[in-house]
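# Curious how this folds, go ahead:
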Amino acid sequence: GERKPEVITLSNGIRVVFDVDKGHPTAAVGALIASGSRFEDEHTRGLSHFMEHILFKGTEHRSSLEISSAIENVGGELNAFTDTQYTMFYMRVPAIHTPLALDVLSDILLYPLFDPAAIELERRVIEQEIYSFEDSPDDVVTDELLKGVYGSDPVASNPLGTVESVRSFRRSDFVDYFHRHFVAPDIVLSLAGDIDVDASARFLEDSFGQLAKGPGRAEWGIPIRAAVCRETERPTEQVYMAMALPGFPQYSKQGSVLNLVSSIFGGNMSSRLFQRAREKEALVYSIGSFPMSFSNTGLLGVSAESSPENASRVQQVIREEIENMRQDKISMAELQHAKETVLGGFLLSLESFFRRMHRNASELYMRDRIRTVADVTEQVNSITLGEALGVIDDVFDTTQLAVSIVHGPEKH
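Model (predicted):
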C-alpha cells in the first residue's frame, strides 16, 4: 500500500508533515509561510520578497556567510522563493545532515537581525533582480497578462515589487511584517526523504513550537477578471505573446477537468497547438497552454513566441484553435490520453523529495489535507467526457480572451 505523509501539530498550532522514504539518502526540509504578494497592498508591494532575502542576511547566531556555508559545505543547497500566496524557505541535504538543516532553517526564521546595513545592501541586490526581470520578455509578457486580467488586484502583482517600493522600506517595516506573518499557526513545516521523525519532531517543537501566535490569515476577495489587450515595447528581436481564457480555482473539480483539456489543447508536443503552429506551419519554436490557478480564481494561459513576420499568423492560429475546440470539442480517446498524461506527469514529479515536500506543504496550507496518489488517480479517472465538454463551453470563448504582447521597436 501507499505510505501516507504523517501530519503532527506543534503546541502552538503549527503543522509539520513528514513524508518518510528511506529509498535514497537525502532529505528536503521546508517552511511555508503565509506571506506573498497577495498579502500586500500598494504600500507594501515587494515586501514579502524583500523579507525572504533579508532572513538569509544574518541571525543572532550566524552571519550571512555562516548561514550559506553551513549548508553548502556539507553538500546541501538552501534557497527560498516568494509566490503570490505563500513564501517557501527550503534546504536539500544528504540525510545525515537533516538536523543541521533544521537548525539553520529555524535560526533564519526565528532569530533574524534585520541589520540596517544589510537591508541597504540587499536593496541594491533586489534592484538588480528587478532590472533582470524587466530584461526577460517572457517574464514581462506574463506579468503584463496578469495585470490585464486582474488589474490592480494583488493576485496580479509581481512579487518583486518595483524599484520605488523597494527603495521605500525601512527596518520597522520588516519588523512589523515579520511579527504579523512569521507566526503560528499559519506556518507549515514539511520534510520529505530519509527522515528521523521522532528526533525532528522534538527539535521542531522546541524551536518552531515556541513561536507566538499571530492574528491568522485574512480571506482574499475574489478578483474581477477582464479581457484586456496590452502591448509592451522592449529591445527584443522576437515577439512574445501570452493570452488568457477564463479558468477555475485551485483544487476545484472544474480545475481538474481543465487540466485535462489544457493537456489536449497545448500541454505537450502531441497537443493541438504544438502540432499546428510548430509541426504543420513551422511558425514557432515554442508554444503551449498552461492553467494558472489561485485560491478563488484561475485562468488558462497560452504562450508563444515568434519572429515579427509570423506574429499575426500565430495569433490567428491560436484563435482558430480556440474556436475549433469550442466547435469540435474532444473525443473520448483524447480524454483518455490526457488522463494518462496528467497522471504520468504527477507520478514523475514525485521522484523528487523537494517536489514532495513542496506539494505536501502547499496542499496542507491551501486546503488542510494532502491528497494521496490514490486520491489524485481516482479524481482524474472519474472525470467524464460530459464534464470536459461543459468546461470547454465555459472556457474556450475568444470574446473572453485577454492578450499581452511584448515586441521590439517598430522598424521603419
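# Correct me if wrong: Gly255 contacts Pro291.
Yes: contact criterion CB atoms under 8 Å: Gly255 and Pro291 qualify, at 6.9 Å. All C-beta spots, glycine's among them, are computed from the backbone N, C-alpha and C.
# residues in contact with Ala212?
Contacts for Ala212 (CB atoms under 8 Å, 6 or more residues apart in numbering) come out as Asn12, His179, Val183, Ala184.
# Can I get the buried part of those as one PyMOL selection?
Selecting only the buried entries of the contacts of Ala212 in PyMOL, with 16 or more other CB atoms under 10 Å as the criterion:
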select buried, resi 12+183+184
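# What segments of this protein are strands?
6-9, 15-20, 26-33, 77-82, 87-94, 188-193, 229-233, 239-246, 287-293, 298-306, 402-407 (DSSP state E).
# sorry, back to before: so which of the contacts of Ala212 sit within helices?
Judged by DSSP state H, helices contain the following of those: His179.
# just the contacts of Ala212 now: which is nearest Glu320?
Val183 (51.5 Å; CB to CB).
# which ones are touching the nearest residue to the closest one once chain neighbours are set aside?
Spatial nearest neighbour of Val183, excluding adjacent residues (CB to CB, 6 or more residues apart in numbering): Gly214 at 3.1 Å. Gly214 makes contact with His179, Arg180, His181, Val183, Ala184, Asp186, according to CB under 8 Å, 6+ apart.
# Format the strands of the chain as TSV; extra columns: mean neighbour count, distance to Phe169 and mean pLDDT.
Listed next are the strands of the chain as TSV, based on neighbours: other CB atoms under 10 Å; distance: least, CB to CB, whole Å; pLDDT from 0 to 100:
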stretch	mean neighbour count	distance to Phe169	mean pLDDT
strand 6-9	14	34	98
strand 15-20	22	30	98
strand 26-33	26	18	98
strand 77-82	17	14	98
strand 87-94	22	16	98
strand 188-193	28	26	98
strand 229-233	13	27	97
strand 239-246	24	30	98
strand 287-293	20	28	98
strand 298-306	24	30	98
strand 402-407	22	29	98
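# Could I get those in a markdown table, plus columns for distance to Ser64?
Listed next are those as a markdown table, based on distance: least, CB to CB, whole Å:
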| stretch | distance to Ser64 |
| --- | --- |
| strand 6-9 | 32 |
| strand 15-20 | 27 |
| strand 26-33 | 18 |
| strand 77-82 | 12 |
| strand 87-94 | 15 |
| strand 188-193 | 23 |
| strand 229-233 | 36 |
| strand 239-246 | 36 |
| strand 287-293 | 34 |
| strand 298-306 | 37 |
| strand 402-407 | 35 |
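# tell me the mean pLDDT over stretch 348-363?
Per-residue pLDDT over stretch 348-363 has a mean of 98.
# Can you give me the buried ones in it?
In stretch 348-363, residues buried by neighbour count (16+ other CB under 10 Å) are Phe353, Phe354, Arg356, Met357, His358, Arg359, Asn360, Ala361, Ser362, Glu363.
# next one: stretch 257-273
In terms of neighbour count (16+ other CB under 10 Å), stretch 257-273 has its buried residues at 257-267, 271-273.
# Go through the residues you listed and flag which are in helices.
Using DSSP H, these in helices are Val257, Leu258, Asn259, Leu260, Val261, Ser262, Ser263, Ile264, Phe265, Gly266, Arg272, Leu273.
# Closest one of the residues you listed to Val104?
The closest of those to Val104 turns out to be Asn259 (CB to CB; 36.2 Å).
# Quick check, the closest one in contact with Val342.
Yes: assessed by CB under 8 Å, Asn259 is found in contact with Val342 at 5.6 Å.
# Buried residues, stretch 362-379. List them.
Result for stretch 362-379 [16+ other CB under 10 Å]: buried residues Ser362, Glu363, Leu364, Tyr365, Met366, Ile370, Arg371, Val376.
# roughly how far out does it sit from the chain middle?
Remark: stretch 362-379 is offset 17 Å from the chain centroid, using CA atoms, centre = their mean, to the nearest Å.
# what's in contact with that stretch?
Around stretch 362-379, the neighbours that count as contacts under CB under 8 Å, 6+ apart are 2, 4-5, 7, 15, 17, 32, 34, 85-86, 186, 188, 190, 250-251, 256, 295, 343, 346-347, 350, 359-360.
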